[in-house]
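Visitor: next comes the sequence, and after it the predicted model I'd like to discuss.
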Amino acid sequence: MTIRIFITGGTFDKEYNEITGELFFRDTHMPEMLAMGRSKLDIQIRTLMMIDSLDMSDDDRQIILENVQRCEEEQIVITHGTDTMAQTARLLGAHITDKTVVLMGAMIPIKFGSSDGLFNLGSALAFAQSLPHGVYVVMNGCCFAHDNVRKNRARGEFERIH
């Protein structure tokens, strides 16, 4: 079984410019993270975009949806910025019923060293292999259905809506 990973950007893949203090994108850190985690899974990685989710448009979400629909693999992990992850999950959930799709991200960039990204990636890969077809958000060890999740900005964590 091959797992497809689609990269879309988000804090997960941001880098820090020590001179300007700004966060920016260079390239995904996914291959090095899989190596660091000693992953033994059969994984195919494809970068769709490298953007902050606050900058993600409906057209960008459509690109994600089309790639998931065309994808041969039935187990899919999508890296995504946390600010609009639930919105993208709802869109995918309205259209995808024949695959297991798990969206995940990080609150702190991988390059900061204290990121939750590696843990979230491991959780997402495990959930993608074990959950029934559907669309899910996985953050900090918790799994949420696509239609029952939001980011609580005040607490900096994801929660069920009801």
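Guide: Arrived safely, thanks for sending.
Visitor: need the residues that contact the helix or strand Ala126 falls within.
Guide: In this structure, Ala126 sits in helix 117-130 according to DSSP states H and E. By CB atoms under 8 Å, 6 or more residues apart in numbering, the residues outside helix 117-130 that reach it are 1, 3, 12, 29-30, 33-34, 36-37, 39, 41, 75-77, 100-106, 108-110, 136, 138-141, 143. Glycine gets a C-beta too; all of them are placed from N, C-alpha and C.
Visitor: now, of these, which are buried?
Guide: Buried by 16 or more other CB atoms under 10 Å: 3, 12, 29-30, 33-34, 75-77, 100-106, 109-110, 136, 138-139, 143, out of the contacts of helix 117-130.
Visitor: strands of this structure, start to end?
Guide: Remark: strands assigned in the chain by DSSP state E are 2-9, 14-16, 23-25, 42-51, 75-79, 100-104, 134-139, 142-145, 150-152, 157-159.
Visitor: buried residues in the first one?
Guide: The neighbour-count check on strand 2-9 (16+ other CB under 10 Å) flags 3-9 as buried.
Visitor: now stretch 122-139
Guide: Applying 16+ other CB under 10 Å to stretch 122-139 flags 122-125, 127-128, 131, 134-139 as buried.
Visitor: likewise for stretch 70-80?
Guide: By neighbour count with 16+ other CB under 10 Å, stretch 70-80 contains the buried residues 71, 73, 75-80.
Visitor: among those, which pair sits farthest apart?
Guide: Farthest apart among the buried residues of stretch 70-80 by CB to CB are Glu73 and His80. That separation is 17.5 Å.
Visitor: and the contacts of stretch 136-150?
Guide: 82, 85-86, 89-90, 92-93, 100-105, 116, 119-120, 123-124, 127, 131, 134-135, 157-162.
Visitor: mind running it again at 7 Å?
Guide: Stretch 136-150 has contacts (CB atoms under 7 Å, 6 or more residues apart in numbering) with 85-86, 89-90, 92-93, 102-104, 116, 120, 123-124, 127, 135, 157-162.
Visitor: avg pLDDT for it?
Guide: Stretch 136-150 carries an average pLDDT of 96.
Visitor: what's the end-to-end length of it?
Guide: Terminal residues of stretch 136-150 are spaced 12 Å apart (CA to CA, to the nearest Å).
Visitor: what residue lies at the spatial centre of this protein?
Guide: Thr79 (2.3 Å; CA atoms, centre = their mean).
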